[in-house]
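Visitor: Take a look and give me a structure for this.
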Amino acid sequence: MRGPAPPPESAELVREILLKLPTRDVARCRCVCRLWRGVVAEPTFSSLHAEAAANNISVPSEPLLVTVTRVPGRPDEASFSIVSSSRPAPMPHRIAIPGGYSLSNVCSGLLCFAFDRTQAPVFICNPVTGETATVPTPVEWRVSKPGDAVYHHYALGFSPSTKEHKLLRFTANSIYDTEIHQSVCTLGSGGWRRRSYISQGHLMCTSPPVLVDGNLYLVTSGRIRLLGQHRNPDGMLVVDVATEVHRTCLLPVRADAYPQNMDPMVYTFEMSGRLCLAVNLYDPRCKLQFWVMSPPDQWVEGDDSKLCWDLLYSSYINDSYRDSYRFNTPTGAWFDDGTLCFTHRDFLFKHSTTGRSPEPSPDADCPQCDLRLELPPKPSNCKWNIVGGYRSSLLSPLTLATPPWSWDGEEERKEFEHAMFLTLRRHQ
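Guide: Below you'll find the predicted structure:
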């Protein structure tokens with residue numbers, strides 16, 4: 001026989017308890033009973049839990065393996081797995097994504113996919129809930145000559161101070177262009193805003209934007225188009241999500257550390273709430289360095305010659321620079337339970353930080369990397385990436401959808417339709 005229905009106050013009690021649990025535990029609680037599933041399924045619960053998780057800055061980030069499978073005649077499919085050594089686990093959902101899209105960046109518990117050379121909408125998904133949403137891109141701001149290629153770099157950002165999610169697009173006329181056209185949309189409310197500025201170098205598409213404490217970080221390269229010219233310093237473009245203001249700082253690598261026609265082998269990731277760099281130096285033995293950015297309040301305004309980086313650890317990865325440049329850049333880097341991890345070509349390198357002191361100087365001798373593992377061969381129809389900075393969340397991408405009428409170009413369309421209507425109705 002069926003028992004009596006639980007009193008309403010029990011649902012409130014369960015809700016208060018579940019709001020204090022980590023996201024992964026809440027996802028498991030949906031399988032306990034109908035009452036718990038009903039509490040978790042409420043849209044207000046998801047919003048409250050996501051807000052509480054965003055305010056808890058002590059929650060450590062986890063590395064996320066993203067695998068995209070492409071089969072002709074079928075939609076592309078993305079699967080996700082936490083690859084932390086302490087809690088490896090697959091995500092409950094496999095998500096269909098638009099064909100040809102690639103991962104742009106991670107913003108807490110949301111993933112941003114984009115198709116960088118078209119006006120296709122941006123695709124946002126939550127691997128925990130399986131929910132997805134698309135965000136229309138702005139009307140093309142024609143900044144190039146006819147026939148020129150236009151390159152877009154998309155990034156999803158969140159500001160802890162304003163509690164706003166913003167989608168940013170950085171546009172350049174060519175891979176060597178240092179003039180950046182920045183378009184920003186506050187999700188859930190406003191339309192697109194645009195501004196332009198000059199960067200010290202062009203944006204690198206091989207190192208994805210990284211969000212740390214409300215700032216987006218993008219690597220810029222000083223490499224040149226033709227040999228014999230002066231190479232500009234390699235740097236970092238920093239954009240504050242709340243104010244949308246940018247600034248630049250130099251990378252902790254000399255301008256002559258790489259050949260003039262090659263990008264720096266740099267990969268950005270988050271380590272314990274700070275921006276970290278994995279730098280593969282142009283060295284006969286391939287020296288790998290890990291640098292961490294000093295807090296922004298220690299920067300010297302207007303003086304980028306003073307490095308704002310601290311060297312943590314160095315190691316040799318038993319590779320030659322000629323082999324390294326065959327694939328130009330590392331596949332990924334992340335911090336996992338006291339171990340710095342780095343994937344390059346077909347190998348995974350692990351360097352433990354336990355019991356080690358930071359390096360005294362960039363030129364000091366360093367040991368061999370602790371562990372070098374050969375990665376398994378991947379299927380021909382798969383593309384994978386490992387990204388750090390992921391913190392699981394119940395936030396629904398649908399809450400970030402902006403009403404269609406607020407998008408850029410809507411007012412122009414209405415004015416055109418009104419003028420066309422009046423013209424067609426004229427009798428003489």
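Visitor: residues touching residue 128, list them.
Guide: If you count contacts by CB atoms under 8 Å, 6 or more residues apart in numbering, residue 128 has them with 23-24, 27, 91-93, 109, 392-394. Where you see a C-beta, it was placed from the backbone N, CA and C, and this is true even at glycine.
Visitor: Just list the residues touching the most centrally placed residue in the chain, thanks.
Guide: With distances taken as CA atoms, centre = their mean, the residue of the chain nearest its centroid is residue 105 (2.1 Å). For residue 105, the set of contacting residues under the criterion of CB under 8 Å, 6+ apart consists of 112, 154-156, 208-211, 387.
Visitor: By neighbours, which of the residues you listed wins?
Guide: By neighbour count, taken as other CB atoms under 10 Å, the most surrounded of the contacts of residue 105 turns out to be residue 156 (28 neighbours).
Visitor: Ramachandran coordinates for it?
Guide: Here the main-chain torsion angles of residue 156 (degrees, to the nearest 10) amount to phi -100, psi 130.
Visitor: That one reaches residue 108, doesn't it?
Guide: No - with the criterion set as CB atoms under 8 Å, residue 156 and residue 108 do not qualify as a contacting pair; they are 9.1 Å apart.
Visitor: Find residues that contact each of those two.
Guide: What both residue 156 and residue 108 touch, as defined by CB under 8 Å, 6+ apart, is the set residue 211.
Visitor: what's the domain layout of the chain?
Guide: The chain resolves into domains spanning 8-55, 62-294+304-403 when parsed by automatic domain parsing.
Visitor: which of the ones you listed sits most buried?
Guide: Scoring these by mean neighbour count under mean count of other CB atoms under 10 Å gives domain 62-294+304-403 as the most buried, with a mean of 18.
Visitor: for that one, what is the average pLDDT?
Guide: Here the mean pLDDT over domain 62-294+304-403 is 82, rounded to a whole number.
Visitor: returning to that earlier point: got the domains of the chain as CSV, with distance to residue 419 columns?
Guide: As requested, the domains of the chain are exported to CSV (distance: least, CB to CB, whole Å):
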stretch, distance to residue 419
domain 8-55, 41
domain 62-294+304-403, 18
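Visitor: helix/strand/coil for residue 40?
Guide: On the three-state scheme (DSSP: H, G, I helix; E, B strand; the rest coil), residue 40 is labelled helix.
Visitor: Check for me that residue 37 belongs to a helix.
Guide: Yes - assigned with three-state DSSP, residue 37 falls within a helix.
Visitor: How about the contacts made by it?
Guide: Residues near residue 37 by CB under 8 Å, 6+ apart: 30-31.
Visitor: Do a quick rundown of the strands in the stretch 251-400 of the chain.
Guide: All strands of the stretch 251-400 of the chain, identified by DSSP state E, counting those that start in this stretch, fall at 266-271, 274-280, 287-293, 309-316, 332-336, 339-344, 347-352, 371-374, 382-390.
Visitor: Of all these, which one is nearest residue 361?
Guide: Residue 361 lies closest to strand 309-316 among the strands of the stretch 251-400 of the chain, at 7.3 Å (CB to CB).
Visitor: picking up where we left off before, tell me which two of the contacts of residue 105 sit farthest apart.
Guide: Within the contacts of residue 105, 154 and 387 form the most distant pair, 14.5 Å apart (CB to CB).
Visitor: if I look at the closest residue in space to residue 27 that isn't next to it in sequence, how far off is residue 34?
Guide: Spatial nearest neighbour of residue 27, excluding adjacent residues (CB to CB, 6 or more residues apart in numbering): residue 128 at 5.8 Å. Using CB to CB, to the nearest Å, one obtains 20 Å as the distance from residue 128 to residue 34.
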